[in-house]
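> Task: produce atomic coordinates for the following.
(2 chains)
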Amino acid sequence: MTCLQYKPLIDDYADNDLAPELSLKLEEHLASCASCTIELEGTVRLKELLKNRVSPNQRNLSFEETTNLILARTVEKNSWQEQARQKPDEQVRSEFSRAILSAAAALIIFAISVVIGTSDEKFAQNNPPESPIFVMSPVEQMIEPNDSPIFTKAEQLNHIQGLLLISPPGMLGRLSVIHEYNRLTN
Amino acid sequence: MEKTIPQIVEQFLDGNDSAFAELVSRYQKKIYSVAFQILGNHLDADEVVQETFVRVYKKRKDLHNVRYFTSFILRIATNYSIDLLRKRKGHTVMTDDSTSLPGHVQLDLSSKVATPSDDLRNKRLMNEILKALELLPTKQRLTAILHDIEGYTKAEIAETCGCPEATVRSNLHIARNKLKKILKQRLYKKE
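Alright, predicted model coming up:
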């Protein structure tokens, strides 16, 4: 074997990775070859140099901090996601039942309002002539029975009609008053 | 009795989160060291450690097919380090000066440092080595770091890099020859 063939074995020899038979052959060659010996010395010195170079070290606290950060990004995040995944069923159920209840309550209120608001008798019961509530008062009470010195009866009715359109009695209140208005004008 | 890595990995696969914490505590220093050697700065090394374990956690289903956990995690860490290196090429300043490091991070010299002049000499030497390593192509540099600095075997490096052991030998041989040329004065100086 020549130097060219031995040189690739030098690395493995320096790493103690060379088969015993080849190691013996190389050692025999090294005894008589200065070039390969220098090559081996260089490899060994390089290995030592690299091995003894700076090895980064952190204080334990810093590694603890890193561990906490990693766990926060993995295990803890995963458990939050698990919780989030489990929650929706209960949440959906409670939200759905709440929505149903709200809708039912709104329907009941609407029905009661329509019944009360469109019933003349109940309206009269709830709104006696002396009632101070303007919006819920019958239209007859809002206007003068006859033409006043300033506005005629027709003008007063027009004013009330305008007020009904812009004032905020709400749909139900408006319905009830329109009902009265129509009754009066007819 | 201390648990072996395969046992811990098995527990981790069974959904035991404390096993994952155990893996983090066992491997983070190794990963940190490799990342530091590749990237040359502590902030990036920290990022590599975190990202590596996050990826391991996300890829835990793949662990069923993994023979050697060390190679698996090392592969993730080195791949991410190389990605960072490519991204930050031209922006990264290689440093071993502990005074320029953020707060709690410190460097320890593993060689026998006695006097301030020795310390200075060592720092110069470390800078020379860092610069020499920087001149190597990525694969050769990675092989030299993993084998000669971190002490991994050629088989482990082959598993990590996903290449035959012969390729590792060849990369290491070329890397060493280049380093010997670059550090010629340091290696062959008359004592």
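
> what about the strand or helix carrying residue B:79 and chain A, any contact?
Here residue B:79, judged by DSSP states H and E, is contained in helix B:69-87. No: Helix B:69-87 does not reach chain A (CB under 8 Å from any CB of the partner chain); its nearest approach is 12.4 Å. All C-beta atoms are positioned from the backbone trio N, CA, C, and that covers glycine.

> And for residue A:114, the neighbour number?
By the other CB atoms under 10 Å in any protein chain shown criterion, the neighbourhood of residue A:114 contains 14 residues.

> next one: residue A:1
If you count neighbours by other CB under 10 Å, residue A:1 ends up with 11.

> now swap in the one 10 residues further on and tell me
Counted with other CB under 10 Å, residues neighbouring residue A:11 total 23.

> State the distance from it to residue B:5.
Distance of residue A:11 to residue B:5, given as CB to CB, to the nearest Å: 29 Å.

> So which residues of the chain form helices?
Answering for chain A, as no chain was given. Listed from the start of the chain, chain A has helices (DSSP state H) covering A:3-14, A:20-32, A:34-51, A:60-73, A:75-118, A:120-126, A:139-142, A:153-166, A:170-185.

> My question was about chain B, not that one.
When secondary structure is read from DSSP H, chain B shows helices at B:5-13, B:17-39, B:42-58, B:69-87, B:116-134, B:138-144, B:154-161, B:165-182, B:184-187.

> returning to that earlier point: name the surrounding residues that touch the helix holding residue B:79.
Applying CB atoms under 8 Å, 6 or more residues apart in numbering or on different chains, the external contacts of helix B:69-87 come out as B:5-6, B:9, B:23, B:27, B:30-31, B:34-35, B:38-39, B:44, B:47-49, B:51-52, B:55-56, B:59, B:63, B:66, B:92, B:138, B:142, B:146, B:152, B:156, B:159-162.

> Can you turn the buried part of the residues you listed into a ChimeraX selection?
A single ChimeraX command suffices to select whichever of those are buried according to 16 or more other CB atoms under 10 Å in any protein chain shown:
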select /B:9,23,27,30,31,34,35,38,39,44,47,48,49,51,52,55,56,66,92,142,146,152,156,159,160,161
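
> Go back to the contacts of helix B:69-87 and keep what's next to chain A.
Checked against chain A using CB under 8 Å from any CB, those give the following subset in range: residue B:49.

> Can you spell out the domain ranges of the chain, please?
Using chain A here. Following automatic domain parsing, chain A resolves into domains at A:3-51, A:119-185.

> my bad, chain B
By the record's domain assignment, chain B is partitioned as B:1-94, B:109-191 (automatic domain parsing).
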